[in-house]
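In: return atomic coordinates for the entry below.
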Amino acid sequence: MLEITLHLLVFLFIAAFVAGFIDSIAGGGGLITVPALLIAGVPPLETLGTNKLQSLFGAGSATLAYAAKGHVRLKEQLPMALMSMLGAMIGAKVTTYIPGDVLKAFLPLLLIAVALYFGLRRDMGDDDRHARIRPFVFGLTFVPIIGFYDGMFGPGTGSFFMLAFVTMAGFGMLKATAHTKLLNFASNIGGFIIFSISGVILWKVGLTMAVGQFLGAQTGSRLAMRNGAKIIRPLLVVTCMALAVKLLADPANPVRVWLGM
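Out: The predicted structure is shown next:
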């Protein structure tokens, strides 16, 4: 049984605040919270479940902040959010049937590609552009697929939602960020339901981190709304690259194993 000490809770609260701040702008908060939980001695399965609980509050906090300023209309986007949640629930269910090595091998490459796309495109701003796909079709395809990935694996989900909204739905950076947080919140609910049923959530740790996530997300989302693409774009690029490097640095990464590195 993990001993929950005060200094441990303070450490995890701070980690969650920083994660909530970054996640509300560019995604990738799990890059901070998952290692923090593991460092604190939380077993891997409980880390995933507890992380899903606390990340709910971060995504929910950011969603409320963006909705309050009119960057996302919650009622209009409810069907899309439900598709994201459904995809995540299915993804969490089939996790044991999908070889994780395939995802772990390709994910760093996908994240690098996302970083290069947002880093090299000079026409990225907060203005909407022509959509390449109708909202109805977008909600039936890209949304549940990315939600499925979030339930099954997780890292980089926000970056993939951002890429889909910008390239396919034609959203500007700020609008894409706001809608990404809503769908990320919905997919977190889906994953949370499955993990809670499995009984792998440390509630005291998760709720302490949830407070940090909520406060960090409020701070980050307000900064994003003030600065728009000027802060969202570079932070998104840095977050994607940092996550890709972290995954490739893992000695157990399939790419390193296959190459004998």
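In: which positions in the helix or strand containing residue 25 come out as buried?
Out: Element membership for residue 25 (DSSP states H and E) is helix 6-26. Neighbour counts over helix 6-26 (16 or more other C-beta atoms under 10 Å) mark 8-9, 12-13, 15-26 as buried. All C-beta spots, glycine's among them, are computed from the backbone N, C-alpha and C.
In: next up, the contacts around residue 225.
Out: 65-66, 69, 71, 174 (C-beta atoms under 8 Å, 6 or more residues apart in numbering).
In: show only the entries of the residues you listed found in helices.
Out: 65-66, 174 (DSSP state H).
In: sorry, back to before: derive a ChimeraX selection command for the buried subset of the contacts of residue 225.
Out: Buried members of the contacts of residue 225, defined by 16+ other C-beta under 10 Å, are picked up in ChimeraX with:
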select :65,66,71,174
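In: now do the helices in the stretch 1-150 of the chain.
Out: 6-26, 30-39, 44-68, 74-93, 100-120, 135-140, 142-152 (DSSP state H, counting those that start in this stretch).
In: closest to residue 237 out of these?
Out: helix 100-120 (4.5 Å; C-beta to C-beta).
In: what angle sits between that closest one and helix 142-152?
Out: 130 degrees (axes from the mean of the first three to the mean of the last three C-alpha atoms, to 10 degrees).
In: contacting residues around helix 100-120?
Out: So helix 100-120 is in contact with 124, 152-153, 155-156, 159-160, 162-163, 166-167, 233, 236-237, 240-241, 243-245, 247-248, 253-255, 258, going by C-beta under 8 Å, 6+ apart.
In: got it, and stretch 200-214?
Out: Residues contacting stretch 200-214 (C-beta under 8 Å, 6+ apart): 2, 4, 9, 12-17, 19-20, 23, 29, 33, 37, 40, 42, 45-46, 48-58, 60-61, 195.
In: any regions of this protein where pLDDT drops low?
Out: Applying pLDDT under 70 to the chain flags residues 1-2, 95-105, 122-125, 253-255, 257-259, 261.
In: residue 23: what's its closest spatial neighbour, skipping adjacent residues?
Out: In this structure, residue 23 finds its nearest non-sequential neighbour in residue 29, 3.0 Å apart by C-beta to C-beta, 6 or more residues apart in numbering.
In: look up how far residue 170 lies from the one you found.
Out: 26 Å (C-beta to C-beta, to the nearest Å).
In: more neighbours: which of those two?
Out: A count of neighbours by other C-beta atoms under 10 Å puts residue 29 above the other of residue 29 and residue 170, at 31 against 17.
In: hang on, isn't that one packed against residue 58?
Out: Yes: using C-beta atoms under 8 Å, residue 29 makes contact with residue 58 at a distance of 6.1 Å.
In: name the residues contacting each of these two.
Out: 19-20, 23, 213.
In: rewinding a little: what's the helix holding residue 25 packed up against?
Out: helix 30-39, helix 44-68, helix 157-167, helix 173-198, helix 203-227, helix 229-249 (3 or more C-beta pairs under 8 Å, 6 or more residues apart in numbering; DSSP states H and E).
In: any idea how far residue 7 is from the residue nearest to residue 132 when sequence neighbours are not counted?
Out: Distances taken as C-beta to C-beta, 6+ apart place residue 168 nearest to residue 132, at 5.2 Å, with adjacent residues excluded. Distance of residue 168 to residue 7, computed by C-beta to C-beta: 46 Å.
In: what two of the contacts of residue 225 have the greatest distance between them?
Out: 65 and 174 (12.1 Å).
In: what residues of stretch 195-211 count as buried?
Out: Under 16+ other C-beta under 10 Å, the buried positions of stretch 195-211 are 195, 200-202, 205-206, 208-210.
In: and those, which is closest to residue 136?
Out: The closest of the buried residues of stretch 195-211, once distances to residue 136 are taken by C-beta to C-beta, is residue 195, at 30.6 Å.
In: I'm done for today, thanks for sticking with me.
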